[in-house]
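1. everything below, folded, please.
(one chain, ligands or ions: 1)
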Amino acid sequence: MVSEGKRVAVLVSGGGTNLQAILDAQGSVIRSARIALVVSNNPGAYALKRAEAAGVPARTLSKKELGSQAAFEKALDACLAEYRIDFIVLAGFMTILSPDFTRQWDHRILNIHPSLIPAFCGKGYYGLRVHEAALARGVKLTGATVHFVNEIPDGGEILLQKAVEVLPGDTPELLQRRVMEQAEWKLLPQAIELLASSEL
Ligand code: GAR
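-> The predicted model follows:
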(Lines give C-alpha, C1' and ligand atoms only; values in the text may rest on other atoms or scores of the structure.)
Protein backbone atom coordinates (compact mmCIF):
# COMPACT_ATOMS: atom_id res chain seq x y z
CA MET A 1 0.00 0.00 0.00
CA VAL A 2 1.24 3.50 -0.85
CA SER A 3 1.62 5.54 2.31
CA GLU A 4 0.59 9.19 2.67
CA GLY A 5 3.47 11.25 3.98
CA LYS A 6 5.38 14.02 2.23
CA ARG A 7 3.94 15.22 -1.08
CA VAL A 8 6.48 15.19 -3.90
CA ALA A 9 6.38 16.87 -7.31
CA VAL A 10 8.57 15.30 -10.00
CA LEU A 11 9.73 17.62 -12.79
CA VAL A 12 10.57 15.96 -16.11
CA SER A 13 11.43 16.77 -19.71
CA GLY A 14 11.84 13.49 -21.56
CA GLY A 15 11.56 9.72 -21.38
CA GLY A 16 11.00 9.59 -17.66
CA THR A 17 12.78 6.36 -16.76
CA ASN A 18 13.78 7.95 -13.45
CA LEU A 19 10.16 8.96 -12.87
CA GLN A 20 9.20 5.33 -13.52
CA ALA A 21 11.77 4.12 -10.99
CA ILE A 22 10.29 6.50 -8.40
CA LEU A 23 6.72 5.46 -9.18
CA ASP A 24 7.69 1.78 -8.91
CA ALA A 25 9.43 2.38 -5.57
CA GLN A 26 6.35 3.85 -3.91
CA GLY A 27 5.27 1.62 -1.07
CA SER A 28 8.62 -0.24 -0.98
CA VAL A 29 11.80 1.91 -0.90
CA ILE A 30 9.68 5.06 -0.69
CA ARG A 31 7.50 4.79 2.42
CA SER A 32 7.45 8.34 3.74
CA ALA A 33 6.40 10.20 0.59
CA ARG A 34 4.10 9.96 -2.37
CA ILE A 35 4.25 11.38 -5.88
CA ALA A 36 1.44 13.91 -5.85
CA LEU A 37 2.23 15.72 -9.13
CA VAL A 38 4.32 15.40 -12.30
CA VAL A 39 5.23 18.56 -14.22
CA SER A 40 6.77 18.49 -17.69
CA ASN A 41 8.17 21.48 -19.56
CA ASN A 42 7.83 19.46 -22.76
CA PRO A 43 4.35 18.57 -24.05
CA GLY A 44 5.77 15.57 -25.96
CA ALA A 45 7.58 14.00 -22.99
CA TYR A 46 6.93 10.26 -22.68
CA ALA A 47 7.16 10.81 -18.92
CA LEU A 48 3.63 12.28 -19.11
CA LYS A 49 2.31 8.92 -20.32
CA ARG A 50 4.03 7.19 -17.40
CA ALA A 51 2.33 9.59 -14.96
CA GLU A 52 -1.04 8.96 -16.59
CA ALA A 53 -0.56 5.18 -16.47
CA ALA A 54 0.23 5.47 -12.75
CA GLY A 55 -2.80 7.67 -12.12
CA VAL A 56 -0.69 10.63 -10.98
CA PRO A 57 -1.87 14.17 -11.88
CA ALA A 58 0.35 15.67 -14.57
CA ARG A 59 0.73 19.20 -15.93
CA THR A 60 2.62 20.61 -18.88
CA LEU A 61 4.13 24.06 -18.47
CA SER A 62 5.87 25.21 -21.63
CA LYS A 63 8.32 28.07 -21.16
CA LYS A 64 7.90 28.87 -24.85
CA GLU A 65 4.14 29.31 -24.50
CA LEU A 66 4.38 31.12 -21.17
CA GLY A 67 6.91 33.53 -22.68
CA SER A 68 9.62 33.77 -20.01
CA GLN A 69 11.43 31.96 -17.20
CA ALA A 70 9.63 34.19 -14.67
CA ALA A 71 6.20 33.30 -16.10
CA PHE A 72 7.16 29.61 -16.15
CA GLU A 73 8.20 29.71 -12.49
CA LYS A 74 5.06 31.65 -11.50
CA ALA A 75 2.89 28.97 -13.12
CA LEU A 76 5.01 26.26 -11.48
CA ASP A 77 4.59 27.94 -8.07
CA ALA A 78 0.82 27.94 -8.55
CA CYS A 79 0.80 24.20 -9.38
CA LEU A 80 3.02 23.37 -6.41
CA ALA A 81 0.71 25.30 -4.09
CA GLU A 82 -2.42 23.73 -5.58
CA TYR A 83 -1.05 20.24 -4.89
CA ARG A 84 0.41 21.20 -1.46
CA ILE A 85 3.88 20.01 -2.48
CA ASP A 86 6.50 19.52 0.25
CA PHE A 87 9.48 18.92 -2.00
CA ILE A 88 10.53 18.73 -5.63
CA VAL A 89 12.53 16.11 -7.52
CA LEU A 90 14.19 16.97 -10.83
CA ALA A 91 14.26 13.71 -12.81
CA GLY A 92 15.73 14.48 -16.21
CA PHE A 93 14.43 18.06 -16.05
CA MET A 94 16.43 20.05 -18.61
CA THR A 95 15.69 23.62 -17.49
CA ILE A 96 17.80 25.57 -15.02
CA LEU A 97 15.71 27.12 -12.22
CA SER A 98 16.34 30.73 -11.18
CA PRO A 99 18.20 31.64 -7.96
CA ASP A 100 14.95 33.17 -6.61
CA PHE A 101 13.15 29.88 -7.09
CA THR A 102 15.91 27.67 -5.66
CA ARG A 103 16.24 29.98 -2.63
CA GLN A 104 12.53 29.60 -1.88
CA TRP A 105 12.93 25.82 -1.98
CA ASP A 106 16.28 25.66 -0.19
CA HIS A 107 17.12 22.00 0.63
CA ARG A 108 13.73 20.95 -0.73
CA ILE A 109 14.75 20.26 -4.37
CA LEU A 110 16.67 17.12 -5.34
CA ASN A 111 18.34 16.54 -8.72
CA ILE A 112 19.82 13.42 -10.25
CA HIS A 113 22.92 13.93 -12.40
CA PRO A 114 24.49 11.12 -14.45
CA SER A 115 28.13 11.50 -13.32
CA LEU A 116 30.18 11.58 -10.15
CA ILE A 117 30.00 15.31 -9.37
CA PRO A 118 32.28 17.35 -9.59
CA ALA A 119 33.21 15.52 -12.82
CA PHE A 120 31.27 16.31 -16.00
CA CYS A 121 28.68 18.62 -14.50
CA GLY A 122 27.45 22.19 -14.68
CA LYS A 123 26.20 24.18 -17.63
CA GLY A 124 26.13 22.21 -20.90
CA TYR A 125 26.48 18.80 -19.24
CA TYR A 126 23.16 16.99 -19.50
CA GLY A 127 21.81 13.70 -20.81
CA LEU A 128 24.03 11.89 -23.32
CA ARG A 129 26.55 14.75 -23.40
CA VAL A 130 27.70 13.78 -19.92
CA HIS A 131 28.52 10.24 -21.06
CA GLU A 132 30.17 11.49 -24.28
CA ALA A 133 32.44 13.69 -22.15
CA ALA A 134 33.28 10.83 -19.76
CA LEU A 135 34.21 8.54 -22.67
CA ALA A 136 36.24 11.30 -24.37
CA ARG A 137 38.21 11.85 -21.14
CA GLY A 138 38.80 8.13 -20.76
CA VAL A 139 37.64 7.76 -17.17
CA LYS A 140 37.31 4.16 -15.96
CA LEU A 141 34.68 4.97 -13.33
CA THR A 142 31.67 7.20 -13.66
CA GLY A 143 28.30 7.04 -11.90
CA ALA A 144 25.45 9.17 -10.66
CA THR A 145 24.89 11.81 -8.00
CA VAL A 146 21.80 13.01 -6.16
CA HIS A 147 22.26 16.50 -4.80
CA PHE A 148 20.25 19.40 -3.46
CA VAL A 149 19.62 22.14 -5.99
CA ASN A 150 20.91 25.65 -5.34
CA GLU A 151 21.71 28.61 -7.59
CA ILE A 152 24.82 26.91 -9.04
CA PRO A 153 24.00 24.31 -11.74
CA ASP A 154 24.90 20.90 -10.21
CA GLY A 155 26.63 22.80 -7.36
CA GLY A 156 24.39 22.01 -4.36
CA GLU A 157 25.15 19.74 -1.42
CA ILE A 158 25.64 16.09 -2.39
CA LEU A 159 23.28 13.59 -0.79
CA LEU A 160 24.12 10.25 -2.46
CA GLN A 161 26.57 8.96 -5.08
CA LYS A 162 27.18 5.60 -6.71
CA ALA A 163 30.07 4.60 -8.97
CA VAL A 164 29.63 2.61 -12.19
CA GLU A 165 32.37 1.03 -14.30
CA VAL A 166 33.13 2.20 -17.83
CA LEU A 167 33.72 -0.89 -19.99
CA PRO A 168 35.74 -1.41 -23.18
CA GLY A 169 33.57 -0.81 -26.25
CA ASP A 170 31.15 1.49 -24.42
CA THR A 171 29.18 3.96 -26.49
CA PRO A 172 27.48 6.95 -24.84
CA GLU A 173 24.17 5.09 -25.12
CA LEU A 174 25.51 1.87 -23.53
CA LEU A 175 27.15 3.82 -20.72
CA GLN A 176 24.02 5.89 -20.13
CA ARG A 177 21.94 2.73 -19.80
CA ARG A 178 24.41 1.11 -17.35
CA VAL A 179 24.55 4.27 -15.21
CA MET A 180 20.75 4.41 -15.13
CA GLU A 181 20.33 0.72 -14.26
CA GLN A 182 23.12 0.44 -11.72
CA ALA A 183 22.96 3.88 -10.14
CA GLU A 184 20.22 6.37 -11.03
CA TRP A 185 17.13 4.18 -10.68
CA LYS A 186 18.36 3.00 -7.26
CA LEU A 187 19.75 6.24 -5.87
CA LEU A 188 16.82 8.51 -6.59
CA PRO A 189 14.16 6.52 -4.67
CA GLN A 190 16.65 6.09 -1.78
CA ALA A 191 17.33 9.83 -1.70
CA ILE A 192 13.61 10.66 -1.71
CA GLU A 193 13.01 8.35 1.25
CA LEU A 194 16.02 9.80 3.07
CA LEU A 195 14.74 13.33 2.65
CA ALA A 196 11.09 12.51 3.38
CA SER A 197 11.85 10.51 6.50
CA SER A 198 14.38 12.86 8.05
CA GLU A 199 14.41 16.33 9.47
CA LEU A 200 16.92 17.50 6.82
C1 GAR B 1 19.02 10.87 -16.83
O2 GAR B 1 20.20 10.19 -17.17
C3 GAR B 1 19.32 12.00 -15.88
O4 GAR B 1 20.31 11.69 -14.95
C5 GAR B 1 19.81 13.06 -16.83
O6 GAR B 1 18.95 12.95 -17.95
C7 GAR B 1 18.47 11.61 -18.06
C8 GAR B 1 16.97 11.63 -18.09
O9 GAR B 1 16.43 10.37 -18.33
N10 GAR B 1 19.77 14.36 -16.22
C11 GAR B 1 20.66 15.31 -16.47
O12 GAR B 1 21.55 15.21 -17.28
C13 GAR B 1 20.47 16.58 -15.66
N14 GAR B 1 21.62 17.43 -15.75
P15 GAR B 1 14.95 9.97 -17.95
O16 GAR B 1 14.01 11.04 -18.53
O17 GAR B 1 14.74 8.64 -18.62
O18 GAR B 1 14.83 9.90 -16.46
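2. make it CA atoms for all contacts and neighbour counts henceforth
-> OK.
3. just the pLDDT for Met1.
-> Met1 is assigned 46 on the pLDDT scale.
4. please renumber so the chain begins at 30
-> In the new numbering, first residue 30, that becomes Met30.
5. and Pro218, how far is that from Glu202?
-> Computed as CA to CA, to the nearest Å, the Pro218 to Glu202 distance reads 23 Å.
6. one more: Ile181?
-> When Ile181 is compared with Glu202 (using CA to CA), they lie 27 Å apart.
7. swap in Ile146?
-> Separation of Ile146 from Glu202 (CA to CA): 20 Å.
8. between those two, point out the one with more neighbours.
-> Just comparing Ile146 and Glu202: by other CA atoms under 10 Å the higher neighbour count belongs to Ile146, 19 against 13.
9. and the pLDDT at the closest residue to Val41 other than its chain neighbours?
-> Leaving aside its chain neighbours, Val41 sits nearest to Phe122 (4.4 Å; criterion: CA to CA, 6 or more residues apart in numbering). Looking at Phe122, its pLDDT reads 97.
10. show me what the helix or strand of the chain with the lowest mean pLDDT is packed against.
-> Lowest mean confidence among the helices and strands of the chain (mean pLDDT, DSSP states H and E): helix 92-95, at a mean of 92. Counting contacts by 3 or more CA pairs under 8 Å, 6 or more residues apart in numbering; DSSP states H and E, helix 92-95 is packed against helix 98-111.
11. residues in contact with the helix it packs on?
-> Identification of contacts with helix 98-111 by CA atoms under 8 Å, 6 or more residues apart in numbering yields 38, 90-92, 95, 126-127, 130.
12. quick one: contacts for the residue nearest the centre of the chain?
-> Closest residue to the average C-alpha location of the chain: Ala120 at 2.1 Å, with CA atoms, centre = their mean. Contact analysis of Ala120 by CA under 8 Å, 6+ apart lists 39-41, 45, 47-48, 140-141.
13. do a quick rundown of the strands in the chain.
-> 35-41, 62-69, 87-89, 116-119, 138-142, 170-177, 187-194 (DSSP state E).
14. could you check the angle strand 170-177 makes with the fifth one?
-> By that I understand strand 138-142. Angle, strand 138-142 to strand 170-177, by axes from the mean of the first three to the mean of the last three CA atoms, to 10 degrees: 170 degrees.
15. what of the first one?
-> Per the same axes, to 10 degrees, the angle that strand 35-41 makes with strand 170-177 is 130 degrees.
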